[in-house]
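Asks: Let's see this in three dimensions:
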Amino acid sequence: MSKLHAISRGLLRGCIFPALSAGCFLDYAFSGAGASLGGRVAWLQRTALRHARWFNILIRVHGPVPAHGLIVANHISYLDIIGLSAGVRCAFVSKKEVSRWPLFGAYSQLGATIFVDRERRGAVASVADQMRGHLDASIPLVLFPEGTSTDGSHALPFRSSLLDPVVKLGCAVTPCGLRYSLDDGIVANDVAYWGEMALLPHLLRVVTKRSIRLDIHFGPPRTTDTDRKTLARELREEVCALAGLPAASPT
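Replies: Numbers count the residues shown, from 1 in each chain. The predicted structure is shown next:
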């Protein structure tokens, strides 16, 4: 019976999804969101809240929500973006490949995401000016310094090159730990999007879940008055503590 209920949930959500997506794009077109950076970020938050309800993601925020500066978090799934956008008025720094994802790529482009071409030498450093534009507009920026997602059981070493623009800008940085849980599945298989997983099969599995809980833990903001390698190491330790993950780097 539980399997039948899961299939029914998936079918119902699947029927609703086209109207949900269309409503988000109509909102962008008719609200004038594209006229300003703040309007695009506000639209992304509205879109994330609608999708969180559709996925039935129950979001709980712990600690003071950052109103400016950079947010550095562990990365588990594309659901991280929905959860963080719903809980915080923010934009993202993301790898260029995300811009080509079906639907989510369009959301990210319209939502003022800054894309980094990690295959091009010097590309990370070149995004500093774009980041400054967001930060000067008091829009928090979210960065996932692992460079990729994991199964949620650990955090990969933070790539110091991704923090180079942060050190140059000298902005405040807030560590953030993401923790998922659910009753009818396993985080590593049913929430985390990592390794060689394909997007559509994973998405179809996610929509059958009764609910997904996401706890977002914010730590105190800190300065960046150190070199990028030290900053990467110290931030990873703080994020791991907030996310309840082991501090030792995986071998």
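Asks: residue contacts, Gln45?
Replies: Each residue near Gln45 by CB atoms under 8 Å, 6 or more residues apart in numbering is listed here: Ser85, Ala86, Val88, Arg89, Cys90. Backbone N, C-alpha and C define where each C-beta goes, glycine included.
Asks: Provide a list of residues in contact with the second one.
Replies: Read it as Ala86. Under the criterion of CB under 8 Å, 6+ apart, the contact list for Ala86 reads Gln45, Ala48, Leu49, His51, Ala52, Ile57, Ile59.
Asks: Could you give the number of residues near the fifth one?
Replies: Spelled out, that is Ala52. By the criterion of other CB atoms under 10 Å, Ala52 has 20 neighbours.
Asks: Next, find the distance separating it from Asn74.
Replies: To Asn74, Ala52 is 19 Å away according to CB to CB, to the nearest Å.
Asks: Now do Trp54 against Ser85, distance only.
Replies: Taken as CB to CB, the span from Trp54 to Ser85 is 14 Å.
Asks: What's the first helix or strand after the longest strand along the chain?
Replies: Once the chain is assigned using DSSP state E, the strand that runs over the most residues is strand 173-181. Counting by DSSP states H and E, the next helix or strand C-terminal to strand 173-181 is helix 187-190.
Asks: ok, for Leu110, nearest residue in space, not its chain neighbours?
Replies: In space, Leu110 comes closest to Tyr28 once its chain neighbours are excluded; the distance is 5.7 Å by CB to CB, 6 or more residues apart in numbering.
Asks: is it true that the one you found lies in a helix?
Replies: Yes - counting by DSSP: H, G, I helix; E, B strand; the rest coil, Tyr28 is part of a helix.
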